[in-house]
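[1] predicted structure and sequence below. I'll ask about it afterward.
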Amino acid sequence: MKKVLLVYPEFPISFWGLQHAIEFIGKKANMPPLGLLTIAGMLPKDRYELKLVDMNVTSLRSEHISWADFVLTSSQIAQQKSLRSVIAECNLSGVPVVVGGPLATSYHDDIEGVDHFVLGEGEEIFPEFLADFENGNAKKIYRASRLPEMSKAVSPRFDLLDLNAYRSMAAQFSRGCPFDCEFCEITNLFGKIPRTKSNEQMLDDFEILFDIGWRGPIFLVDDNFIGNKANALRLLSAIADWQKEKNYPFSFYTEASMTLAELEPLLDSMVEARLTSVFLGIESPNPDTLKKLNKNQNTKKNEDDYLHNAVKTIQKKGIMVAGGFILGLDGDGPEIFDTQINFIKDTGIAIAVVGLLTVVRGTDLYNRLEREGRLIRESICDNMDANLNYIPELDKQNLIKGYKHVLKELYDPTLSNYFKRCLAQFKNMESVKYDSIHIGKTEVLAIMISFKRQILSKQGYAYLKFLLRTILQYPKMLKYAFEMAIVGYHLQKHAEHILLNCKDIQNDK
């Protein structure tokens, strides 16, 4: 049997990673490497022995690599520094390394030391690579020539995981997005026509997770879960029935477009399926800027408050809203910083992921700025500094100053503004149908650590006030209150690190 080592490179500290919070609940990483687990599911069990090293959970050691006949690895752009170290270790040990994933698909020309690239979606091209490798005539580069039907997708090898290491599991329903936002690479990678799995495929994945003992949150990793509205509604109905039959072992969260607010049947089905929160790419409250980005789904003719009303509509159904915001967009003037702050406060979006624009290869924005001579360098997607890879319309120094101002307001050391947004969101969610007050051993541990860390810190007064108001006014939300407090701890620490590392930009050469 061939021995295959699957390696997932380390992520830098980020909003999504929750690195400062997961230790509160005794975990090591936020979620597992779903893409790599899916590729693992395509390796025949009778011919391949597999081991997984998720470098976000454990260190990669030389004996791991020397055990293997070849190493498979996949990464996103933000993981490129760690990926290069993995490749170097493989080269040093003389073990072939096979690289795929979004980073390699867009930037393989910039990655050295790789024996084989498998580019694009694995279902289409990985079997061809595998057959050639087994026959001893594998090529340097394999690239999928078309987008596969999701019916070809296999169940991920969740059995390779240490479930206790992760805060959340992950599953994928669809690929592709019908929208073509200028700054986004999704349509370039996965197409404009959303492809979905069947209900049976998804429920099979959930059954596997249930049978191996997972209980808790699952991230539906789709870039736009409602890209195919009819199929999303079909799936949610099936999940609701499955959840009821199993006594609701999971909760779900996902990403969607703002058009969700106009789809009441979908919202109601989300609630029934126990989909508790959704991430929305809001980007900017400025309709003119959104139109320049070709993000017309975030605007509505003759309705200036469309975004504000849409967020409130989703919250009123009992679904939490997290939001993504971008600073440095063409069309936004110096007023954008306070406008962003006010919008986030007014809508009660507690988890507001605010970042400087990054221009990624393969996007329409990249091509436009290249034509305009405004690209400076390739993106490394490092959100810990302010080294822009493009020339913004706003003065660079003012952009960085404004970015710092936004972070300081949203995630001040006391978290006072953050907790106010949490309470505002709870108020908007008063129609939540299910009681979240059940607290198990994991939650008890998290609460104990949270009390120790947060009460005896600058956050102490605002923290206690927040919990007390939740108990008195929104008792159904108590479990969420503790979760939000812990997430807030991470967000504040992360914002603090950005502010320390966010050097004022000097003139680029």
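    Looks like it came in fine. If you're wondering where the values come from, they're calculated on a predicted model, not measured in any experiment.

[2] can you list the low-confidence ranges for this protein?
    Where the chain drops to pLDDT under 70, the residues are 380-385, 433-443, 503-509.

[3] list the helices and strands the helix ranked longest in it packs on?
    As assigned by DSSP state H, the longest helix anywhere in the chain is helix 478-501. On a contact count with 3 or more Cβ pairs under 8 Å, 6 or more residues apart in numbering; DSSP states H and E, helix 478-501 meets helix 396-410, helix 416-428, helix 441-450, helix 460-473. In this view, the C-beta of every residue, glycine as well, is placed from N, C-alpha and C.

[4] what's the spacing between the longest one and its chain's center?
    So that's helix 396-410. 23 Å (Cα atoms, centre = their mean, to the nearest Å).

[5] what comes up buried for it?
    By 16 or more other Cβ atoms under 10 Å, the buried positions in helix 396-410 come out as Lys396, Leu399, Ile400, Gly402, Tyr403, Lys404, Val406, Leu407, Glu409, Leu410.

[6] then the second one?
    By 16+ other Cβ under 10 Å, the buried positions in helix 416-428 come out as Ser416, Asn417, Tyr418, Phe419, Lys420, Arg421, Cys422, Leu423, Ala424, Gln425, Phe426, Asn428.

[7] can you name the two of those that sit furthest apart?
    Ser416 and Asn428 (19.2 Å; Cβ to Cβ).

[8] follow-up on the earlier one: for the buried residues of helix 416-428, which one is nearest His64?
    Out of the buried residues of helix 416-428, the member with the shortest distance to His64 (by Cβ to Cβ) is Tyr418, at 39.9 Å.

[9] the closest one contacts Gln492, correct?
    Yes. With contact defined as Cβ atoms under 8 Å, Tyr418 counts as touching Gln492 (7.1 Å).

[10] spit out the residues that contact these two alike.
    Tyr411, Asp412 (Cβ atoms under 8 Å, 6 or more residues apart in numbering).

[11] contacts only, for the residue nearest to Phe426 when sequence neighbours are not counted.
    Closest residue to Phe426 apart from its sequence neighbours, by Cβ to Cβ, 6 or more residues apart in numbering: Tyr474 at 4.3 Å. Going by Cβ under 8 Å, 6+ apart, Tyr474 touches Leu423, Phe426, Lys427, Glu430, Ala481.

[12] repeat the analysis, applying 10 Å as the threshold.
    By Cβ atoms under 10 Å, 6 or more residues apart in numbering, the contact set of Tyr474 is Cys422, Leu423, Gln425, Phe426, Lys427, Met429, Glu430, Val432, Tyr480, Ala481.

[13] could I get these as a markdown table with distance to Lys458?
    Output for these, formatted as a markdown table (distance: Cβ to Cβ, whole Å):
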| residue | distance to Lys458 |
| --- | --- |
| Cys422 | 17 |
| Leu423 | 19 |
| Gln425 | 22 |
| Phe426 | 23 |
| Lys427 | 25 |
| Met429 | 28 |
| Glu430 | 30 |
| Val432 | 31 |
| Tyr480 | 23 |
| Ala481 | 19 |
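
[14] related to what we said a few turns ago, which among the buried residues of helix 396-410 gets closest to Phe225?
    Leu410 (25.7 Å).

[15] which residue comes closest to that closest one once chain neighbours are left out?
    Ala352 (5.7 Å).

[16] tell me the contacts of that neighbour?
    Contacts of Ala352 (Cβ under 10 Å, 6+ apart): 15, 282, 321-325, 340-341, 343-345, 406-407, 410-411, 418, 421, 491.

[17] can you flag the buried ones in those residues?
    Looks like the contacts of Ala352 have 15, 282, 321-325, 340-341, 343-345, 406-407, 410-411, 418, 421, 491 buried, using 16+ other Cβ under 10 Å.

[18] quick one: the strands in the chain?
    Using DSSP state E, the strands found in the chain span residues 2-8, 48-54, 70-74, 97-100, 116-119, 141-143, 169-171, 174-175, 195-196, 216-220, 250-256, 275-283, 320-327, 352-356.

[19] follow-up on the earlier one: for Leu203, see how far away the residue nearest to Leu410 is.
    Distance, Ala352 to Leu203, using Cβ to Cβ, to the nearest Å: 34 Å.

[20] what's the neighbour count on Asp305?
    11 (other Cβ atoms under 10 Å).

[21] that one against Lys312, yeah?
    Yes. With contact defined as Cβ atoms under 10 Å, Asp305 counts as touching Lys312 (9.4 Å).

[22] between these two, what contacts are shared?
    Joint contacts of Asp305 and Lys312 (Cβ under 10 Å, 6+ apart) are Asp346.

[23] and the nearest residue to Pro285 once chain neighbours are set aside, what does it touch?
    Using Cβ to Cβ, 6+ apart and skipping residues adjacent in sequence, the residue nearest Pro285 is Phe343, 4.3 Å away. By Cβ under 10 Å, 6+ apart, Phe343 lies in contact with Ile282, Ser284, Pro285, Asn286, Leu307, His308, Val311, Gly323, Phe325, Ile336, Ile349, Ala352.

[24] to Leu233, which of the strands of the chain lies closest?
    Of the strands of the chain, nearest to Leu233 by Cβ to Cβ is strand 195-196, at 11.2 Å.

[25] which residues does that closest one contact?
    Contacts for strand 195-196 (Cβ under 10 Å, 6+ apart): 121, 147-153, 172-176, 202, 222, 225, 227-228, 230-232, 234-235.

[26] what pairs with it, parallel or antiparallel?
    strand 174-175 (antiparallel) (DSSP bridges).

[27] what sits up against the partner strand?
    By Cβ under 10 Å, 6+ apart, strand 174-175 touches 121, 147-148, 150, 153, 186, 189-191, 193-197, 220-228, 231-232, 235.

[28] quick check: closest non-adjacent residue to Ala232.
    Ala232's closest residue in space is Ile226 (Cβ to Cβ, 6+ apart), at 4.9 Å.

[29] who are the contact partners of that neighbour?
    174, 177-178, 194, 232-233, 236, 254-257, 259-260, 263, 266-267, 270, 278.

[30] buried stuff in stretch 98-105?
    Buried, per 16+ other Cβ under 10 Å, within stretch 98-105: Val98, Val99, Gly100, Gly101, Pro102, Leu103, Ala104, Thr105.

[31] pretty sure Leu266 contacts Leu233?
    Yes. Using Cβ under 10 Å, Leu266 is in contact with Leu233, at 5.6 Å.

[32] and these two? which has more neighbours close in?
    Leu266 (22 against 16).

[33] Ser59: which of the buried residues of helix 416-428 is nearest?
    Using Cβ to Cβ, those come closest to Ser59 at Tyr418, 33.1 Å.
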